[in-house]
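Peer 1: quick one: sequence and predicted model below, then my questions.
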Amino acid sequence: MLNIFGTSAFEDNYIWFVQPSDSNAVLIIDPGDADPVLAMIQERQLQPVAILITHGCHDHVDGISRLLEDYDIPVYGPRNEFIPNISYPLGRSDDVNILNFPPISVLDIPGHTKGHIGFVIEGNLFCGDALFAAGCGRLHSGPAETLFQSLRTISQLADDTKIYCAHEYTQSNLRFAIEVEPDNVAIQQRIIDTDELRAKGLPSIPSFLGLERKTNPFLRCEFESVKQSVEQQARFVHATPAQVFKSLRLWKDNFQ
């Protein structure tokens, strides 16, 4: 059994920790800021054993150097991005074995950045900024088709996969989702549920992949309801789900 918990950083980042239930060993995922990580380590008396990095954006990597000053531990990250202090560059189909942790599978999920990867640990996906709750990352490198295919890779996972993304964007993403599919009852209910969580100061993350399939427009580009909304917005007919995704991402980029 794993104990997974997070700490907040910056305005809306989450830094995730993965700990076996019978040990104080811990994996640290995307430490963009060392201070909240060090505070959590002290509070819970944790022993860091490795750092996992999904991609090279500063809010995911800037805390690495400071953590390595205190802990001589390996850093696992994408092989297709230049990130200082990476000990083990990783890509598609690599498996990682760390002490008494379950095997860690690596997914290649580029698009937000050129080398973005994800980590699957016992049915939990740590996907950085590729997939968000009810949304997806912006396109910082490569064509929209690349991120579209990465989200399809994620979609092949089981419905009960828990999605641990790196930002608390759910409420704003749902405002866009309901604009795309105003008659989607699942989105309507998720807005209510998410607002209740946030009103209590609780995170909306993790979510389940099955819920994302019902409420995340970026995973629903083959649905006629999404296609029709996108075509009305873009004012041209889209031949493929990939084209729908591209227009949907552009729409979201400019959505207020």
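Peer 2: Here it is on my side, so go on. Predicted model only: the values in this text are computed from it and were never measured.
Peer 1: how about the nearest residue to Gly128, chain neighbours excluded?
Peer 2: Thr54 (3.0 Å; C-beta to C-beta, 6 or more residues apart in numbering). For glycine as for every other residue, the C-beta is placed from the backbone atoms N, C-alpha and C.
Peer 1: surely that neighbour is in a helix?
Peer 2: No. Read with DSSP: H, G, I helix; E, B strand; the rest coil, Thr54 is coil and lies in no helix.
Peer 1: pLDDT score for Gln256?
Peer 2: The confidence metric pLDDT takes the value 72 at Gln256.
Peer 1: how many neighbouring residues does it have?
Peer 2: The number of residues packed near Gln256 is 4, by other C-beta atoms under 10 Å.
Peer 1: just the pLDDT for Leu46.
Peer 2: Leu46 is given a pLDDT of 98.
Peer 1: okay, it and Gln171: tell me how far apart.
Peer 2: 30 Å (C-beta to C-beta, to the nearest Å).
Peer 1: ok, now Gln156?
Peer 2: Taken as C-beta to C-beta, the span from Gln156 to Gln171 is 28 Å.
Peer 1: please apply the same query to Met40.
Peer 2: Applying C-beta to C-beta, the value for Met40 to Gln171 is 25 Å.
Peer 1: got a list of what Asp94 touches?
Peer 2: Ser105, Val106 (C-beta atoms under 8 Å, 6 or more residues apart in numbering).
Peer 1: phi first, then psi, for it.
Peer 2: Note on Asp94: its backbone torsions stand at phi -70, psi 150 [degrees, to the nearest 10].
Peer 1: check Asp35 too.
Peer 2: phi -60, psi -50.
Peer 1: neighbours of the nearest residue to it once chain neighbours are set aside, how many?
Peer 2: Excluding the flanking residues, the one nearest Asp35 by C-beta to C-beta, 6+ apart is Gly63, at 7.7 Å. Number of residues near Gly63 (other C-beta under 10 Å) recorded here: 23.
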